[in-house]
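>>> Following is a predicted model, sequence given first.
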Amino acid sequence: MRITADQGRCLGAGQCVLSAPDRFDQSELGLVVVLDPEVPDGDERRFRAILDLCPSQALSLEV
Amino acid sequence: MTAGIPEYPQPRGCPYHPPAGYAEYDRHGPVSRVRLYNGRQVWAVTGHAEARRVLLDPATYSSDRVHPHYPALAPRFESARKVRNFIGMDPPEHTVQRRMLLSSFTVKKAQALRPRIQALVDNLIDTIEAKGPVADLVPEFALPVPSIVICELLGVPYADHTFFEQQSRRVVTGSTSLEESADAFAQLSAYLDGLIGRKQQDPGDGLLDTLIAEQVETGVLTRRELVDIALLLLVAGHETTASAIALGVLTLLEHPDQLAALRADASLLPTAVEELLRFMAIADGIARFATADAELAGQRIRAGDGIVVVISTANRDDAAFPGPADFEIERGARNHVSFGHGVHQCIGQNLARAEMEIALGTLFRRLPGLRLARDSGELPIKEAGGVQGIWELPVTW
């Protein structure tokens, strides 16, 4: 699974950065940047919970 | 049959618990009818999943404060209709304004402000210690921390704090009348308009100065639009966090086992602050109105219906938070809706977290004997319909 981010939806709350600073960052404009999109097997549940916190639904998991 | 319909909002009996009367809403399920001060009946959305659903769907559940269907939860919201900024707009209008501000409110920016916040928190505690007990932590600690931080961020002179804190208090207090809140809005607007005018002649280095240069001088925003944005950032930037710090101190003092655990391990501060946010629900409720017919938890919502998302009960929904009435600093749940959810989720949330962590962590570390100087039952509780919290917090140590 891979994390995909839609900067067009992002509104800069930063929930993703707070949850997994090794995976997410914010650009100079305050928009989401995915540092490492790979979700290892077995980690999917944890990442679904993190993505669920995004208030602008800018993040998704894709096969 | 309006007599049987419960009122919203209701005053809290304990400053960190939802009003006892809200339990009645739950008897009718997660979406039920309530009556506002002006007699209007609206939907109270009290469940966590339902609250998220409403807040995640701005196309169906509008935030447009100018629209006559937008419900005023207290008289002060009627005068707020004239203040036009992104909190009271829907996408795409909302998105344009919010994006102008994002770069100043990132996690990294909040992180970078930590040394400054730490220094001013230490200064305030130095002053409190030097003066000796009794200290009222509301004016002497909880209010100046966020007030100084937002002034420095925006480029508003802190020397004017007595004026804007008093006017902000009138704006966010639930019992403020229509006339009084309109006057407070007018005074704050006139002040910020004058400040922005002076900044146009003599720029500084705050966020307002950046917005003047990048948005007003280029014709993207009018001066009036910037005044309305500045008003939101200034008021929301200090009143809510001030309430959260003072009520956070009280909540921790009233849960000594949790306070002891936090004192024993400072690395618990972030989860403790998150649990305080969930538990206290400083913003008791958020208004919306339906733009189209919809179904929510089996109720048929009609276009034009008013809605209040009840944050204080959504945060106590046992389907989302097991043992929801227990204050557990290690709960580790960030899915509370205290900052809202959806596109309007608080833009200043990471700054608020930093301020709460540093203020609470430092206070309890430096004043280990901190305790209330008055019975907690006698602390004046903020009125329903506004930012929740306590007006005074006399302590000794």
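Looks like it arrived, so ask away. Numbers count the residues shown, from 1 in each chain, chains lettered A, B, ... in the order given.
>>> Give the buried residues for stretch B:331-341.
B:Arg331, B:Ala333, B:Arg334, B:Asn335, B:His336, B:Val337, B:Ser338, B:Phe339, B:Gly340, B:His341 (16 or more other C-beta atoms under 10 Å in any protein chain shown). (C-beta placed from N, C-alpha, C; glycine too.)
>>> Not counting sequence-adjacent ones, nearest residue to the last one?
Of all residues beyond its chain neighbours, the one nearest B:His341 is B:Leu55 (4.1 Å), with distances taken as C-beta to C-beta, 6 or more residues apart in numbering or on different chains.
>>> rewinding a little: of all the buried residues of stretch B:331-341, which comes closest to B:Arg98?
Using C-beta to C-beta, B:Gly340 is the member of the buried residues of stretch B:331-341 that sits closest to B:Arg98, with 12.6 Å.
>>> Chain A: helices as residue ranges?
A:15-19, A:44-52 (DSSP state H).
>>> what sits against A:Trp34?
Careful, residue A:34 is Val and not Trp. Counting by C-beta atoms under 8 Å, 6 or more residues apart in numbering or on different chains, A:Val34 touches A:Ile3, A:Thr4, A:Ala5, A:Arg23, A:Phe24.
>>> If we only consider the residues you listed, which is nearest to B:Leu207?
A:Phe24 (23.8 Å).
>>> ok, the closest residue to that closest one other than its chain neighbours - contacts?
Nearest-residue entry for A:Phe24: A:Cys16, 3.9 Å, with adjacent residues in sequence omitted and distances by C-beta to C-beta, 6+ apart. Residues in contact with A:Cys16 (C-beta under 8 Å, 6+ apart) are A:Arg23, A:Phe24, A:Val32, A:Ile50, A:Leu51, A:Leu53, A:Cys54, A:Leu59.
>>> List the beta-bridge partners for the third one.
In this structure, A:Val32 has beta-bridge partners A:Gln26, where bridges are defined by DSSP bridges.
>>> Return the member of the contacts of A:Cys16 nearest to chain B.
Set against chain B, the nearest of the contacts of A:Cys16 by C-beta to the nearest C-beta is A:Leu53 (5.9 Å).
>>> any idea how far the closest one is from A:Ser19?
6 Å (C-beta to C-beta, to the nearest Å).
>>> what residues do these two have in common as contacts?
Residues touching both A:Leu53 and A:Ser19 (C-beta under 8 Å, 6+ apart): B:Arg334.
>>> Of the buried residues of stretch B:331-341, which belong to helices?
Those of those lying in helices (DSSP H): none at all.
>>> Put together TSV for these, with pLDDT on each row.
Below are those laid out as TSV (pLDDT from 0 to 100):
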residue	pLDDT
B:Arg331	97
B:Ala333	93
B:Arg334	95
B:Asn335	97
B:His336	98
B:Val337	98
B:Ser338	98
B:Phe339	98
B:Gly340	98
B:His341	98
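>>> mind putting those in JSON lines, distance to B:Ala264 included?
As requested, these are exported to JSON lines (distance: C-beta to C-beta, whole Å):
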{"residue": "B:Arg331", "distance to B:Ala264": "17"}
{"residue": "B:Ala333", "distance to B:Ala264": "21"}
{"residue": "B:Arg334", "distance to B:Ala264": "23"}
{"residue": "B:Asn335", "distance to B:Ala264": "27"}
{"residue": "B:His336", "distance to B:Ala264": "24"}
{"residue": "B:Val337", "distance to B:Ala264": "30"}
{"residue": "B:Ser338", "distance to B:Ala264": "26"}
{"residue": "B:Phe339", "distance to B:Ala264": "28"}
{"residue": "B:Gly340", "distance to B:Ala264": "33"}
{"residue": "B:His341", "distance to B:Ala264": "33"}
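>>> now, the most widely separated pair of those?
So, the buried residues of stretch B:331-341 by C-beta to C-beta: farthest apart are B:Arg331 and B:Gly340, at 19.7 Å.
>>> okay, the contacts of A:Cys16 in CSV with neighbour count and pLDDT next?
Formatted as CSV, those follow (neighbours: other C-beta atoms under 10 Å in any protein chain shown; pLDDT from 0 to 100):
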residue, neighbour count, pLDDT
A:Arg23, 18, 96
A:Phe24, 23, 97
A:Val32, 25, 98
A:Ile50, 21, 95
A:Leu51, 19, 96
A:Leu53, 16, 97
A:Cys54, 24, 98
A:Leu59, 22, 97
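>>> As TSV, the residues you listed with distance to B:Arg353 would be great.
Output for these, formatted as TSV (distance: C-beta to C-beta, whole Å):
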residue	distance to B:Arg353
A:Arg23	19
A:Phe24	16
A:Val32	18
A:Ile50	17
A:Leu51	20
A:Leu53	14
A:Cys54	17
A:Leu59	20
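>>> B:Arg366: what's it in contact with?
B:Arg366 neighbours (C-beta under 8 Å, 6+ apart): B:Asp122, B:Ile125, B:Glu129.
>>> Same check on B:Ser168?
Counting by C-beta under 8 Å, 6+ apart, the residues that B:Ser168 touches are B:Ala184, B:Leu188, B:Leu234, B:Val235, B:His238, B:Glu239.
>>> Can you classify the last one as helix, strand or coil?
Of the three states, B:Glu239 takes helix under DSSP: H, G, I helix; E, B strand; the rest coil.
>>> returning to that earlier point: can you pick the most crowded of the contacts of B:Arg366?
B:Ile125 (19 neighbours; other C-beta atoms under 10 Å in any protein chain shown).
>>> show me the contacts for the residue of chain B found nearest chain A.
When scored by C-beta to the nearest C-beta, chain B has B:Leu102 as its residue closest to chain A, at 2.9 Å. Counting by C-beta under 8 Å, 6+ apart, B:Leu102 makes contact with A:Leu11, A:Gly12, A:Leu29, A:Gly30, A:Leu31, B:Ile347.
>>> ok, and the closest non-adjacent residue to the third one?
Taking C-beta to C-beta, 6+ apart as the measure, A:Leu29 lies nearest to B:Ser103, with 5.5 Å between them; neighbours along the chain are not counted.
>>> so what's the one you found up against?
Neighbouring residues of B:Ser103 by C-beta under 8 Å, 6+ apart: A:Glu28, A:Leu29, A:Gly30, B:Lys109.
>>> Could you give me the ChimeraX selection string for whichever of the residues you listed are buried?
Entered in ChimeraX, the line below selects the buried ones among the contacts of B:Ser103, by 16+ other C-beta under 10 Å:
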select /A:30 /B:109
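>>> Which pair in the contacts of B:Ser103 has the greatest spatial separation?
Most distant of the contacts of B:Ser103, by C-beta to C-beta, are A:Leu29 and B:Lys109, 12.1 Å apart.
>>> quick one: B:Asn123 is in a helix?
Yes: under three-state DSSP, B:Asn123 falls within a helix.
>>> Fine by me, we can end here.
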